[in-house]
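Visitor: Provided below for reference: sequence and predicted model.
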Amino acid sequence: MDDRISVLIPEEEINAKLDELAARLNEDYKGKHLHVIGILKGSVYFVCELTKRLTMPVILDFMTVSSYGDGMKTSGYITVKKDTDIPIEGKHVLIVEDIIDSGVTMSRLLPLLKERNPKSIRLASLLSKPSRRMAEVDIDYLGYTIEDKFVVGFGLDYAQEYRNLPFIGVYEEAK
Ligand code: IMP
Ligand code: MG
């Protein structure tokens with residue numbers, strides 16, 4: 001394996017967490033239909049593995065947002081690069097993210113989606129780095145709280161690579 005990457009959360013542990021989160025969702029949304037929106041690209045593995053474990057009728061849609069303006073510093077604004085395909089009015093919506101870091105993306109995206117009048121809207125995130133928070137975000141279904149380390153794998157990238165790693169690893173520049 002790439003020696004810049006060390007395993008933080010192994011695949012088997014992620015699978016157990018997916019089972020646990022799906023069990024909660026299956027209980028909470030029993031008898032309801034669920035409209036899932038995965039935030040591209042980081043959430044792809046999480047959203048696919050999670051929804052495979054759900055037992056209620058599920059609609060799967062995707063959205064691409066960026067929290068950066070022209071420069072590379074967090075602008076506090078988000079740009080919707082790809083909007084959802086399917087209307088969410090009157091639906092029970094679950095947003096699925098890879099990681100909540102500064103919280104800027106979600107604190108902007110959730111109000112924008114609420115304006116579209118879903119019946120309910122909740123957030124699932126595989127990871128959270130609370131020590132980096134700039135904007136408050138309530139995560140309804142959280143996989144893991146992690147320290148302020150840069151992580152890759154299971155959808156998360158460094159310069160667009162490593163998303164396909166089946167585990168979550170800490171990425172460190174070569175010494
Ligand atoms: P924020 O919460 O608005 O700061 O943005 C979260 C987004 O930044 C995530 O959806 C990821 O795409 C990216 N991100 C934050 N921390 C990491 C990390 O440790 N590894 C890879 N991507 C990250
Ligand atoms: Mg993301």
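Guide: That came in fine, so what should we check first? Ligands and ions are numbered 1, 2, ... in the order given.

Visitor: Tell me the strands beside the lowest-mean-pLDDT helix or strand in the chain, with direction?
Guide: Comparing helices and strands within the chain by mean pLDDT, DSSP states H and E singles out strand 74-82 as the least confident, with a mean of 82. Using DSSP bridges, strand 74-82 pairs in its sheet with strand 58-68 (antiparallel).

Visitor: Give the buried residues for the partner strand.
Guide: Across strand 58-68, burial judged by 16 or more other CB atoms under 10 Å covers Val58, Ile59, Asp61, Phe62, Met63, Val65, Ser67. To be clear about C-beta, it is placed using only N, CA and C from the backbone, and glycine gets the same treatment.

Visitor: One more: stretch 140-149?
Guide: Tyr141, Leu142, Gly143, Tyr144, Ile146.

Visitor: how about the residues you listed in JSON lines, adding pLDDT?
Guide: Formatted as JSON lines, the buried residues of stretch 140-149 follow (pLDDT from 0 to 100):
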{"residue": "Tyr141", "pLDDT": "98"}
{"residue": "Leu142", "pLDDT": "98"}
{"residue": "Gly143", "pLDDT": "98"}
{"residue": "Tyr144", "pLDDT": "98"}
{"residue": "Ile146", "pLDDT": "98"}
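
Visitor: if I pick the residue nearest to Ser67 when sequence neighbours are not counted, what's in contact with it?
Guide: If the residues on either side of it in the chain are set aside, Ser67 comes closest to Thr105, at 4.4 Å by CB to CB, 6 or more residues apart in numbering. The contact partners of Thr105, taken as CB atoms under 8 Å, 6 or more residues apart in numbering, are Ile39, Val65, Ser67, Ile78, Glu97.
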